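Q: Sharing a model that was predicted from the sequence below.
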Amino acid sequence: MGKADIQTGRLSPEEISNNFSDMHPPLSRPEALIEADRCYFCYDAPCTTACPTRIDIPGFIQKIRSDNLRGSAHTILRENIMGGMCARVCPTEVLCEEACVRNVHEDKPVNIGLLQRYATDPVFEQNLNLFERAADTGKRIAVVGGGPAGLSCAHRLATLGHQVVVFNRDRKLGGLNEYGIAAYKTVNDFAQQEVNWILDIGGIEVRPNTSMGVDITLEAIREEYDAVFLAFGLGGVNKLGLANEDADGVLNAVDYIATLRQSENKDDLPVGRHVVVIGGGMTAIDIAVQSKRLGSEVVEIVYRRGPEQMGASQYEREYAQTSGVTIRHWASPVKLLVSDRVTGIEFERTELDANGKLQSTGDTWSLNADIVFKAVGQAVASDVFGDAADSFEQKGGKLLVGDDRKTSLPDVWAGGDCIYGSDDLTVTAVQDGKVAANSINRYLRLQE
Amino acid sequence: MANLTSEFLGVTTPNPFWLASAPATDKAYNVNRAFEAGWGGAVWKTLGEDPPIVNVSGPRYGAIHSNERRVIGFNNIELITDRPLQVNLDDIRQLKKDWPDRAIFVSVMFPMNEETWAKYVPMIEDTGADGFELNFGCPHGMTERGMGAAVGQVPEYIKLATEWCKKYAKTPVIVKLTPNVTNILPPAIAAREGGADAVSLINTVNSIMRVNYDTLEMYPATDGMGSHGGYCGQAVKPIALHMVAEIARTKQTAEMPISGIGGIADWRDAVDFLALGASNLQVCTAAMVYGFKIIDDLSDGLSNFLDDKGMSSVSELVGKAVPSVTDWQYLNLNYVEKAVIDQDLCIKCGRCHIVCEDASHQAITKTVNGERRFEIIDEECIGCNLCTIVCPVDGCITMQPMTEGVDPRTGIAISKEKADWTTHANNPMRKES
Ligand SMILES: Cc1cc2nc3c(=O)[nH]c(=O)nc-3n(C[C@H](O)[C@H](O)[C@H](O)COP(=O)(O)OP(=O)(O)OC[C@H]3O[C@@H](n4cnc5c(N)ncnc54)[C@H](O)[C@@H]3O)c2cc1C
Ligand SMILES: Cc1cc2nc3c(=O)[nH]c(=O)nc-3n(C[C@H](O)[C@H](O)[C@H](O)COP(=O)(O)O)c2cc1C
């Protein structure tokens, strides 16, 4: 096997800049008005029911039609404070747009995502104030994790007049909006623009570079604050469970993406000529497409089951394929081929047995690889709770919460990726934060 | 293909579509292009006394748009022609020579004294034009000088001015009526009594389009001030159709030929006007917003329609729908329709439910057995048609007559007998049937 082919700057700065430009450019006003006219203004609208944050979609589209963009943005953001980011990253094809009644006869739903972006963009461009803080309640709440769930909760609590302190492991707020989402979905530093706008409500203090479990314990936090919201996401990365996983060239997709997202020109990233991605979710798609965009020649996703079982939607799979990514199914990695670094990976063919259980056929094949990305899921980091881990009811390594997002502890709520049953979407994380904030507010008011 | 050749007031044109008196008929250049495109005739832009009037040099027009920027309604504050009379007369004379098979009627507007009519009518007729149209309809500007709608709103003036024109004209005279009256019949009758050969209607409707949301002045405005204008285009068609039908079904006016105007944009609009009694059609706004090419659809659409109906000429269609227009008191109160929703076409938008719930009779379900499903509740349905109007799917909700059984809403058996308000028990002025 030849020498690994890894280079930075495989493409010219112009090519890279083109490749990472806005995936769905915003609508112009004429486009938006015509698209808005396509909305039937349904009663008890199926799109709204399909939205995890229950945005009144026909309502905001009606306001686009009447050029009432501030009202439209308010309708969106009062239910989903990250309506700007969600307009960019929501898999609308399996949410609101899938439910659109236009699909029945014409298979072409209203483009709700881009309309939502059209309505909300001016808010961030002009830094418009849409919400006001209620009078200070004197209550202090700790939010652990400043991603979509944490910020949504913090904003709602601040609006209700509470004081919020956000502890955040990373230097920047935004969570995976800042460190995870594919770069072409959120261009021009939108994540930070949105974070700053959210913080403008006031009453939110941020403690960056502060990890619960490392820099401060849950006990200490509970002692000091009237209530706690946990939204630290998934800090741990699942392993393949193979020998040589720490060999050079075997990388966690999420770590690479985080570096990519923080790289200004993206010309400092090591890019393999031949890249193999193991996994079947959004992360697998994103690392594959972004590798391709950085100049990798051959990018292959290998997933152990069929297309229908992939976490990535059909739309996302096709997006990867039209971006030049090959998706291979029914193969499970069994061996990393390593000399001084990874050179390839060996797979075993898989199939479903009579009971529908995945099993190996014993048949093997392999791929050359300069880089192998692991994208087989994430888990709650092992260190967050310190000694307190046992005090929580958990399931599948995640926190169990009720409908109000309350944990088994009386003063602790949780939401986002770290709770059991989460579907790992920005929009559900935002909803969790909102629901938890409302619940915390009721709890605190009852204490008065 | 049905032949569209039409005769109106003794003038035969290749089709019944004429351009209405407006900017598109103000110059030889435009009218020549219209005739090249295939228009059957033109009513020349209204001529007045010399020296000509002047127009504003700011915006003359305003519009209501759909979000796709289709013009739904249009308004203007343009006056009559602002070119010297002789220039217009020369143009008309030349065009009549170049296009002998097309009609040119000349719209005129003169003050209320006989001498003026005596002076100008023969001069105009000398161009070879086919006839006159008396502009008693322009609702803005000229009314302040006692002309246009200021005449058209006073039946005695209509009669008088028509008599003067008829006295000096050898060619036919059309009186163009204003819709800015509460009842169109007195002006139409006055025209007839004055000797008019035909009426044309409608001219434009008094209107202010909107305000400017930045300055809170009316819009459009001329240097910060605006003046009401005349409304036209598709939005005014129903107003025009009602007035045309009234004239067509009223004994004193029924015999008068009608040139239908107001919102004609495609061949279906033409069918509306013809079936309700017009035998000639005039178009202004549609030509202004799409250009002369729309004549293609107007004429071959109408021709195809006539073919489908087995009619060989436009005249067979004229007035076909007039007998179906009556007074409310004669509508059959025993007749019952119910809405029916085709569940296979239904996309479950729920529009029918919410409008029936909020603004009508709570006659449409939103769930059936726990499922989102929209069904008519016959016990509540009054047959109003609101649901079919709001349904976005063509043909999904239809109104269907009940022909037998009992109306579950009223408990009254369906009767084949007709019974109207004139004999209804609740009518204090009922006639015994
Ligand atoms: C590569 C990738 C692509 C994705 N693409 C999409 C997409 O296109 N659309 C979509 O809807 N979703 C997408 N997702 C999922 C989405 O990003 C997450 O569901 C969402 O960000 C979860 O929000 P969260 O607030 O729960 O957690 P996170 O966004 O993970 O935020 C967690 C925050 O907690 C902080 N933190 C972590 N540990 C601690 C600690 N111990 N103490 C204090 N702070 C801590 C972190 O610094 C971070 O700010 C993607 C995810 C990945 C990984
Ligand atoms: C800009 C403009 C100027 C008009 N000028 C005249 C005119 O000079 N004389 C006249 O009789 N009607 C005039 N009209 C009225 C039209 O001839 C016509 O009656 C009216 O617009 C309704 O028809 P429509 O809906 O097809 O436009 C004018 C209309 C417009 C829009």
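A: Perfect, thanks for sending it. No experiment lies behind these values; they were computed from the predicted model shown. Ligands and ions are numbered 1, 2, ... in the order given.

Q: Flag the shaky bits of the chain, pLDDT-wise.
A: Reading this off chain A. A:1-2 (pLDDT under 70).

Q: Let me rephrase: I mean chain B.
A: In chain B, residues with pLDDT under 70: B:433.

Q: Could you rerun that using 90?
A: B:1-2, B:67-68, B:137-149, B:431-433 (pLDDT under 90).

Q: who in it is up against ligand 2?
A: Chain B comes close to ligand 2 at residues B:20-23, B:45-46, B:74, B:76, B:78, B:80, B:107, B:135, B:137-138, B:176, B:203-204, B:232-233, B:236, B:261-264, B:283-286, as judged by CB under 6 Å from any ligand atom. For every residue, glycine as well, the C-beta is placed using N, CA and C.

Q: Which of these fall within helices?
A: The helices, defined by DSSP state H, take in B:Thr285, B:Ala286 from the residues of chain B next to ligand 2.

Q: From the residues of chain B next to ligand 2, which land in strands?
A: B:Lys45, B:Thr46, B:Phe74, B:Asn76, B:Ser107, B:Asn135, B:Lys176, B:Cys232, B:Ile261, B:Val283 (DSSP state E).

Q: Can you flag the buried ones in the residues of chain B next to ligand 2?
A: Listed as buried from the residues of chain B next to ligand 2 are B:20-23, B:45-46, B:74, B:76, B:78, B:80, B:107, B:135, B:137-138, B:176, B:203-204, B:232-233, B:236, B:261-264, B:283-286; burial here means 16 or more other CB atoms under 10 Å in any protein chain shown.

Q: quick one: the nearest residue to A:Pro91 once chain neighbours are set aside from A:Ala320, how far?
A: Spatial nearest neighbour of A:Pro91, excluding adjacent residues (CB to CB, 6 or more residues apart in numbering or on different chains): A:Ser313 at 5.3 Å. Distance, A:Ser313 to A:Ala320, using CB to CB, to the nearest Å: 11 Å.

Q: and if you look at B:Gly233?
A: On the measure of CB to CB, B:Gly233 and A:Ala320 end up 50 Å apart.

Q: Check B:Ala221 too.
A: Counting by CB to CB - B:Ala221 and A:Ala320 are separated by 56 Å.

Q: Those two - which one has more neighbours?
A: More crowded of B:Ala221 and A:Ala320, by other CB atoms under 10 Å in any protein chain shown: A:Ala320, with 22 against 16.

Q: Please name the nearest non-neighbouring residue to that one.
A: A:Ala320 sits nearest to A:Ile285 (CB to CB, 6+ apart), 4.9 Å away.

Q: Confirm that A:Val401 sits in a strand.
A: No - applying DSSP: H, G, I helix; E, B strand; the rest coil, one finds A:Val401 to be coil, outside a strand.

Q: My guess is it contacts A:Gly416. True?
A: No - when contacts are counted by CB atoms under 8 Å, A:Val401 is not listed as touching A:Gly416 (10.5 Å).

Q: Can you pick out the residue with more neighbours from these two?
A: Set A:Val401 next to A:Gly416 and count neighbours by other CB under 10 Å: A:Gly416 wins out with 33 against 26.

Q: For that one, which residues are in contact?
A: A:145, A:147-150, A:175, A:231, A:233, A:422, A:428-429, A:432-433 (CB atoms under 8 Å, 6 or more residues apart in numbering or on different chains).

Q: any idea how far it lies from A:Gly356?
A: For A:Gly416, the distance to A:Gly356 - CB to CB - is 31 Å.

Q: and what of A:Asp136?
A: 57 Å.

Q: again with A:Asp370
A: Distance from A:Asp370 to A:Gly356, by CB to CB: 36 Å.
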